[in-house]
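J.: generate a structure from the sequence data that follows.
(chains A, B, C and D)
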There are 2 protein chains.
Amino acid sequence: MPWPSTRRAESRDRILFSAERLFTQSGFDQVSIDQVMQNAGMTRGAFYAHFRSKQELYSEAILSAAWRMGAQHPTDVETLIRAYLSPEHLGQKKGSCPLAFLVSDIGQRDQPVRDSYTKVFSALATKVSGVPDAEPDAAALRALVLMVGGVAVARALNDPILVERVLAACREGALSETASVPL
Amino acid sequence: MPWPSTRRAESRDRILFSAERLFTQSGFDQVSIDQVMQNAGMTRGAFYAHFRSKQELYSEAILSAAWRMGAQHPTDVETLIRAYLSPEHLGQKKGSCPLAFLVSDIGQRDQPVRDSYTKVFSALATKVSGVPDAEPDAAALRALVLMVGGVAVARALNDPILVERVLAACREGALSETASVPL
DNA sequence: GTCTATAGGCAGATAGAC
DNA sequence: GTCTATCTGCCTATAGAC
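T.: Numbering: from 1, shown residues only, chains lettered A, B, ... in the order given. Now for the predicted structure:
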């Protein structure tokens, strides 16, 4: 009976799922392994049976969160841009994008973490470009930077009016960069 | 003789100067008060004679770093954009921009920190817009998000080729958004 | 695999001598 | 104002029982 391995994978997934939300919301340093494990219904000691370190968990959580987000957004690029640069995305507890919420957190971590971030960024850039099997062009990179940067900046700003104006400006720009016929 | 107050202000400035560089480079959590004070030539205990908390120092360091950066860049907007979105800016130890380096760090801090960030962002947006006494328009906001987001993303990415392509794409976009005659 | 217990270290903030 | 010493609390990671 292969039940044990199934339960092992389920525990691992629960930890990962818990980590995705907590890390994306609060960054690496503000989240403790204790919180992640309690949120997953376990205690601290069990953590190291599944991951070797906190940074390894972080690295995998970034990939996992992005994969989950992609699975929930199989829509067209325009719908993605509007949802991404919406006020709802800013305060969202679940399904937030690690690219934006963690962008200035990544540079302080080790290489596997940076690899994860780069992989996710490249994948989303290709998706935004609209051409699945090619390197993203400059317009797609600009559109994605407007999305990621717009959300990151909006989260940092304190003035609601300015936040809405930043989101609107970036929405307009990203849509224009990704329009098939730019006029 | 008003010497004492002068020395007090000098000590405060040394702490602030030290904090600007360390915080901008490594973020809030990765920098200890110990490091800041040693870098300023003092010990931990003296810190609380000048600032009430670490977050208060952070808030003031963001304002101070931005002010210093503005004083060193009295040039035109195009020169600013090219210097900002250059590879040199990414690894720079001094004179880096807290807007980009700390963007996803700010949301986790208290209100005074967010106030500082918002103030600096607004001031730079006005500068980029080219019209000193008006609210920045959508094009200026987009240009600034391309600058801040471009640098933040580039710092996180692991692939040198992708980094250069992101910087180039954002440079092109920011220059186009700020051109007086957009065609 | 998961638990409790603990090792070992570092942080922010305060107290009191000078 | 600056120093040394300390309080208090939290963290990652490990050890060993079950």
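
J.: by residue count, tell me the biggest helix in chain A.
T.: helix A:3-26 (DSSP state H).

J.: excluding chain neighbours, what is closest to A:Arg155?
T.: B:Gly107 (4.6 Å; C-beta to C-beta, 6 or more residues apart in numbering or on different chains). C-beta here means a position set from N, CA and C on the backbone, and glycine is covered the same way.

J.: one step back: so what's the gap between the longest helix of chain A and the chain middle?
T.: Chain-centre distance of helix A:3-26: 16 Å, with C-alpha atoms, centre = their mean, to the nearest Å.

J.: next, count neighbours for the residue nearest to A:Arg155.
T.: Look at B:Gly107: counted by other C-beta atoms under 10 Å in any protein chain shown, it has 19 neighbours.

J.: who's in contact with it?
T.: Counting by C-beta atoms under 8 Å, 6 or more residues apart in numbering or on different chains, B:Gly107 touches A:Arg155, A:Ala156, B:Arg114.

J.: what sits against the last one?
T.: Yep, that's B:Arg114 we're talking about. A:Ala156, A:Leu157, A:Asn158, B:Ile106, B:Gly107.

J.: so which of those belong to helices?
T.: A:Ala156.

J.: from the contacts of B:Arg114, which is closest to B:Val166?
T.: Nearest to B:Val166 out of the contacts of B:Arg114 is A:Ala156 (C-beta to C-beta; 20.1 Å).

J.: which residues touch the nearest residue to that closest one once chain neighbours are set aside?
T.: Counting by C-beta to C-beta, 6+ apart, A:Ala156 lies nearest to B:Ile106, which is 3.9 Å off, once chain neighbours are set aside. Shown in contact with B:Ile106 (C-beta under 8 Å, 6+ apart): A:Arg155, A:Ala156, B:Val113, B:Arg114, B:Tyr117.

J.: do A:Arg8 as well
T.: A:His50.

J.: quick one: it from B:Ser59, how far?
T.: 46 Å (C-beta to C-beta, to the nearest Å).

J.: next: A:Leu141.
T.: 33 Å.

J.: picking that back up, could I get the contacts of B:Arg114 in TSV, plus columns for pLDDT and distance to DNA strand C?
T.: Output for the contacts of B:Arg114, formatted as TSV (pLDDT from 0 to 100; distance: C-beta to the nearest atom of the strand, whole Å):
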residue	pLDDT	distance to DNA strand C
A:Ala156	98	20
A:Leu157	98	24
A:Asn158	97	21
B:Ile106	98	17
B:Gly107	98	18
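
J.: go through the one helix or strand A:Thr79 maps to and flag the buried ones.
T.: Assessed by DSSP states H and E, A:Thr79 sits inside helix A:77-84. Residues A:Val77, A:Leu80, A:Ile81, A:Tyr84 are the ones in helix A:77-84 that count as buried (16 or more other C-beta atoms under 10 Å in any protein chain shown).

J.: put the alpha carbons of it into PDB.
T.: What follows is helix A:77-84, C-alpha atoms only, in PDB (Å, rounded to 0.1, in the frame of the first residue of the first chain):
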ATOM      1  CA  VAL A  77      -3.700  38.900 -22.200                       C
ATOM      2  CA  GLU A  78      -6.000  41.900 -21.900                       C
ATOM      3  CA  THR A  79      -8.100  40.300 -19.200                       C
ATOM      4  CA  LEU A  80      -4.900  39.300 -17.400                       C
ATOM      5  CA  ILE A  81      -3.600  42.900 -17.500                       C
ATOM      6  CA  ARG A  82      -6.800  44.400 -16.200                       C
ATOM      7  CA  ALA A  83      -7.000  41.900 -13.300                       C
ATOM      8  CA  TYR A  84      -3.300  42.300 -12.500                       C
END
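
J.: what's the burial count for the residue of chain A at minimum distance from DNA strand C?
T.: As assessed by C-beta to the nearest atom of the strand, DNA strand C sits closest to A:Gly45 within chain A, at 2.2 Å. Using other C-beta under 10 Å, A:Gly45 is surrounded by 8 other residues.

J.: who in chain A is up against DNA strand C?
T.: A:4-5, A:7-8, A:11, A:37, A:41-46, A:49-50 (C-beta under 7 Å from any atom of the strand).

J.: rewinding a little: pLDDT averaged over the longest helix of chain A - what is it?
T.: Across helix A:3-26, pLDDT averages out at 93.

J.: got it, and stretch A:164-182?
T.: Stretch A:164-182 comes out at a mean pLDDT of 93.

J.: what's next to it, contact-wise?
T.: A:77-78, A:81-82, A:85-87, A:128-130, A:139-140, A:142-144, A:146-147, A:149-151, A:153-154, A:157, B:138-139, B:141-142, B:145, B:173, B:177.
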